[in-house]
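>>> Below: sequence and its predicted model.
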Amino acid sequence: MRADVSLELLLGEGVQVVGRHIDLLKAVDKTKSITKAANEVGISYKNAWDTLDIINNKSEKPLISRTSGNKKNSGSELTEYGKKMIQTFENLQNLQREYLANVAKNFDINSLDIKNLNRLSLNLSARNQLNCEICEINEGVLKSQIIARLNGGEKIVATITKQSQISLGLAVGMSVVFIFKAPSVSLKEPSKDGLVGEVSEVKIGKDDAEITLNLSGDQSITAVTSKDEAFDLRVSVGERYEILIDKTDIIIGV
């Protein structure tokens, strides 16, 4: 059997970037014109303009810029951040498809496989998906410690089985994606050698708090903690905290 899912990137206020939005961004990059891009993907100019206006405004950085300043009738082009979003989306999409293909290859309809698919859906919904480069591998008898460098030079550590390391063909210098859920992240006061981020957004719910922290290199990590823990730490926008990630909760995609 075969399986497929739709990938979404979430911008501010829950704005979704899906495959059709990526196609539109690629068309703008190709044609340098919103009008021509709309024709390329088969939608109206107004639809294209409204869509690009929403995702551009909600994005952390601009995705589109005018080729001739702000002059009327000037062309449009993608920023480096916009091109990077396309690349990130396509890399994650490829990872998603390969993972599903491996699961579906040996899938039988029974209760055990249904449970495995439930776990898979949780993994694919993980909020944190970071591009990084492996800089060190420490092999044990049964497990391997994978140390990777993020875009800004910070290091992050994952622990996986040695068999998984071998199956994925992991090696120093290899580009990978570290994927982990927000509840696997905790915060504390910054220390000298820890991974530190600056809070860019805080959402407080009835019992929990969702905290987004910016790293250098245009990457971010989202943590979900209890509301009491957030209050104890006095979490607020602009403050810096050390980010602790459960190493065994990180999934590595290639």
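Everything's here; your move. This is a predicted model, so every value here is computed, not measured.
>>> Name the SS class of the closest residue to L7 other than its chain neighbours, please.
Nearest non-adjacent residue to L7, counting by CB to CB, 6 or more residues apart in numbering: Q93, 5.1 Å away. (Glycine included, C-beta is placed from N, CA and C.) Three-state assignment for Q93 (DSSP: H, G, I helix; E, B strand; the rest coil): helix.
>>> Now for S65, how many residues are close by?
17 (other CB atoms under 10 Å).
>>> So what sits opposite it in the bridge?
E77 (DSSP bridges).
>>> isn't it right up against S76?
Yes: judged on CB atoms under 8 Å, S65 makes contact with S76 at a distance of 7.2 Å.
>>> any low-confidence regions in the stretch 1-150 of the chain?
Scanning the stretch 1-150 of the chain for pLDDT under 70 picks out 1-6, 12-14, 68-74, 102-125.
>>> What ranges does the stretch 1-150 of the chain have for its strands?
9-10, 16-17, 64-66, 76-78, 128-139, 143-149 (DSSP state E, counting those that start in this stretch).
>>> of the ones you listed, which approaches L233 most closely?
Closest of the strands of the stretch 1-150 of the chain to L233 is strand 128-139, at 19.1 Å (criterion: CB to CB).
>>> now the helices for this protein?
For the chain, applying DSSP state H gives helices covering 19-31, 34-41, 45-58, 80-105, 111-124, 162-168, 227-233.
>>> Distance check, the closest residue to S186 other than its chain neighbours against L95.
Nearest residue to S186, sequence neighbours excluded (CB to CB, 6+ apart): L244, at 4.7 Å. Counting by CB to CB, to the nearest Å, the separation of L244 from L95 is 25 Å.
>>> ok, these two, which is more surrounded?
Set L244 next to L95 and count neighbours by other CB under 10 Å: L95 wins out with 20 against 14.
>>> Please name the residues that touch the closest residue to the more buried one other than its chain neighbours.
Computed as CB to CB, 6+ apart, the closest residue to L95 that is not its neighbour in sequence is G253, at 3.9 Å. Contacts here follow CB atoms under 8 Å, 6 or more residues apart in numbering; on that basis G253 touches 92, 95, 99, 176-177, 179.
>>> That concludes my questions; thank you for your assistance.
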